[in-house]
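Asker: here is a sequence with its predicted model. Questions after.
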Amino acid sequence: MAEFGLQKILGQKRRSQVKPIVLSVGGALAVLISLAVYLGPPPLISLDHWYYDNMVRWRARFMPVSDRTVIVDIDEDSLTTVGQWPWPRYRIAALLRKLASAGPSVIGVDILFAEPDRTSLSTIREAFQKEFGLELGFSGIPPGMDNNDAYLGHVFGRTRTIGAIFFYFGLEGAGPGCQPTPLKTVINLELIAPHESSGILCNTPSIQESLTAYGFMNNLQDRDGLLRRFPLLIRYKNDVFSNLSLSIVMSSTGHSQLQVEEDFFGPILRIGALTVPVDREGNSLLQFHAGAGTHRIIAALDVLNDNFDPSWLSNRIILIGSSAVGLNDLHHTPGGPGFQGTQIHATFLDNVFDHTSVREPVWRDGYSLSATLATGLLISTIFAFAGPVAAASGALLAALSSVGLSAGLFIHSGLFLPTSGPVLSAVAEFSLLSLILYALERRRAYIQLQRLFMAQRFTLEAMAAVAETRDVECGAHIKRTQHYVKILADFLMNRGAGSLLTPDYIDLLFHSAPLHDVGKVGIPDVILFKPSKLTAEEFETMKLHSVYGQQIMKSAAKGSQDHEFLDLAAEIALSHHEKWDGSGYPGGLAGEAIPLSGRIMALADVYDALTSVRRYKRSFSHEEAHRLIIESRGTHFDPLVVDAYLILEEEFVHISRKFKDEEGAAFQLEPEADS
């Protein structure tokens, strides 16, 4: 129980040390992510766009399909059969007259007639006069029919068709004689700031002057090329003009007054009983249907050939446009690719009359900022006080709550709240704090492992020292043989002496070497400390220290999960007295049958025994030891190990001097090496 209490206290202490780090890092990260959300980097904008697009597609499943708007399409078949664009204006006039005869509520033309009709007789007469100085005369022409533009303008006026204009941005000027009438009845315009246009393009004067109403045909694309927002108002020379669709709404409802109001979510355009939510620039977010083929579409060719049912058009809003690729009026939208301009207008009209418009609150940035900051602080607090498991649950719950709240409001109310900030904050906070906690725990575990390793190392060195003390030797012998073994193994590895030699193996070899004589603890003192040469029987007993050493290490390895170290120590203890020619002990192994660790240890051990003082012998000089080792090449020692020694002699001498014996120390040479 006392041990458990201590572990619990230590755990609480570690947590108290980690809490300030988690809280400070988590708080700083929450502030940084909130700042990034406020600045609106492209990746976050793209994430919100992706979410918005998916919500639009999902909500479209629950939207009613309206038949109030019919599209008359000048499609590829119409152009192929009737003639390429531009058509003569009298053909457009014929199309309008047939449509008007069906009794629609309003007709809108999403086409701009900016250049005079070159097929007009008046245009041809002027061209011949200018180019050739010839006066052409025509007879039998009804009054007004010599000018196609004037004729189309006349039909526009008779059918009360709403025409189109176009605004430039970045280009100055206007078309010749282009002075369109702005909206005169906009109230509270100070609540919004419409886009400022630098130039305008109108229809030819004879058409433009005949229009009873018109609106601009400009669209607005986001940076990714998708059309999500629809500009409803544009300012030009301090006057305000309406979108073609907005003009159609006003005409169809019989209201000429447009009032700008504001509620809790932002600005609203009010047209009688209808309301249109917009942003501060007068843009409307569009709720698209699922696909571009939702509205009824009639080919212009079928109308001209009377191949349609007039009841399809009665009391409907008719939009005339073109899906021909060459006229470049196709748009990519969240509802899908290939939406033609008239379908964009039809989508807006459905949004207005069906009250399915999308709203983006003016306080969306404030919401996103506060939700992001609150999420980050919440996750870091949970992480600090309840741990990573609870923080993971909190992060998941926070992300799902943000997405769920936004999705619910969007589907049921058309209110769009961004989710990228809170979701990013939840994921980033948990990920970074988990990484920090992992790093702290890994560092703590590494420190503990190092401490354990040092304790293990000191314990094993103490075991080795006990064995050496029983042989009246000191720790300097351990240090010297360790380093002899290491430099020999490193050299052999660099020369490619065997696949066994790797840095990890050599590290194990270095720390296992001191245990080569640990088995001497099992040898009786009377034999171990005998000052004279051992008898044959005593020598056989002495040989058993290598077997005892292996048994000690094997016994220790049984209780260890990571026993590579102890296995290698056992191998060295058993084999370091084997000789290359097979005359060693205890197994009489020869050549490469002797483990490499034992062959390396054999030379290191003998060299140190030769150059160290023993009780009944002087220390041999390096030169004498050198000669004896060369003489034993191929008999006692592995020739490859001897060759390595010969190259490393200077390092052997350096190690011998660095870890020299204490002055006055005396040692006993093992009896088998005294001859």
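Answerer: Here it is on my side, so go on. Numbers count the residues shown, from 1 in each chain.
Asker: which residues does E578 contact?
Answerer: Taking Cβ atoms under 8 Å, 6 or more residues apart in numbering, we find E578 in contact with G584, Y585, G587, G588, L589, A590, I594, G598, R599, A602. Where C-beta positions appear, they are placed from N, C-alpha and C, glycine not excepted.
Asker: ignore what I typed, I meant Q208.
Answerer: Contact analysis of Q208 by Cβ under 8 Å, 6+ apart lists G153, G163, I165, G177, C178, P180, C202, Y214.
Asker: ok, the closest residue to the fifth one other than its chain neighbours to V18 distance?
Answerer: Which is C178. Of all residues not flanking C178 in the chain, C202 sits nearest, at 3.8 Å (Cβ to Cβ, 6 or more residues apart in numbering). C202 is 70 Å from V18, where distance means Cβ to Cβ, to the nearest Å.
Asker: so for the two, which sits in the more crowded spot?
Answerer: More crowded of C202 and V18, by other Cβ atoms under 10 Å: C202, with 24 against 19.
Asker: show the pLDDT at that one.
Answerer: At C202, the model reports a pLDDT of 92.
Asker: helix, strand or coil: sort out the closest residue to A556 other than its chain neighbours for me.
Answerer: Leaving aside its sequence neighbours, A556 sits nearest to L566 (Cβ to Cβ, 6+ apart; 5.3 Å). Assigned with DSSP: H, G, I helix; E, B strand; the rest coil, L566 falls in the helix class.
Asker: what about L566, distance to L492?
Answerer: From L566 across to L492, the span is 23 Å (Cβ to Cβ).
Asker: I figured Y90 hits D149, correct?
Answerer: No - counting by Cβ atoms under 8 Å, Y90 stays clear of D149, with 9.9 Å between them.
Asker: between these two, which has more neighbouring residues?
Answerer: A side-by-side neighbour count of Y90 and D149, using other Cβ under 10 Å, places D149 first with 23 against 17.
Asker: list the residues that contact the more buried one.
Answerer: Contacts for D149 were tallied using Cβ under 8 Å, 6+ apart; they are R89, F113, P116, D117, S120, T204, S206, I207.
Asker: need the contact list for R158.
Answerer: With Cβ under 8 Å, 6+ apart, R158 has these contacts: A100.
Asker: where does it land on pLDDT?
Answerer: On pLDDT, R158 comes in at 92.
Asker: try S675
Answerer: Looking at S675, its pLDDT stands at 35.
Asker: do D643 as well
Answerer: Here the pLDDT value assigned to D643 is 95.
Asker: G366 too?
Answerer: Looking at G366, the pLDDT reads 91.
Asker: for D279, phi and psi?
Answerer: D279 adopts backbone torsions of phi -90, psi -170, taken as degrees, to the nearest 10.
Asker: show me what counts as buried in stretch 391-409.
Answerer: Residues A391, A392, G394, A395, A398, A399, S402, V403, S406, A407, L409 are the ones in stretch 391-409 that count as buried (16 or more other Cβ atoms under 10 Å).
Asker: check stretch 413-421 too.
Answerer: Judged by neighbour count using 16+ other Cβ under 10 Å, the buried positions of stretch 413-421 are G414, L415, F416, L417, P418, T419, S420, G421.
Asker: stretch 640-660 too?
Answerer: Within stretch 640-660, the residues scored as buried using 16+ other Cβ under 10 Å are L640, V641, V642, D643, A644, Y645, L648, F652, I655, S656, F659.
Asker: ok, now stretch 523-535?
Answerer: Residues of stretch 523-535 classed as buried under the neighbour-count rule (16+ other Cβ under 10 Å) are I523, I527, L528, L534.
Asker: pick out whichever of these sits closest to V56.
Answerer: Nearest to V56 out of these is I523 (Cβ to Cβ; 88.4 Å).
Asker: and the gap between that closest one and E564?
Answerer: I523 is 27 Å from E564, where distance means Cβ to Cβ.
Asker: quick one: P418 and L409, what's the gap?
Answerer: P418 is 12 Å from L409, where distance means Cβ to Cβ.
Asker: re earlier: can I get the contacts of E578 in a markdown table with neighbour count, pLDDT and distance to D67?
Answerer: Shown next, in a markdown table, are these (neighbours: other Cβ atoms under 10 Å; pLDDT from 0 to 100; distance: Cβ to Cβ, whole Å):
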| residue | neighbour count | pLDDT | distance to D67 |
| --- | --- | --- | --- |
| G584 | 22 | 95 | 104 |
| Y585 | 19 | 95 | 105 |
| G587 | 16 | 94 | 100 |
| G588 | 12 | 95 | 104 |
| L589 | 19 | 96 | 98 |
| A590 | 14 | 96 | 101 |
| I594 | 21 | 96 | 97 |
| G598 | 23 | 95 | 95 |
| R599 | 24 | 96 | 96 |
| A602 | 25 | 96 | 100 |
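Asker: so which of the residues you listed belong to helices?
Answerer: Mapping the contacts of E578 onto helices (DSSP state H) picks out G598, R599, A602.
Asker: turn those into TSV, including distance to N238.
Answerer: As requested, the ones in helices among the contacts of E578 are exported to TSV (distance: Cβ to Cβ, whole Å):
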residue	distance to N238
G598	100
R599	99
A602	102
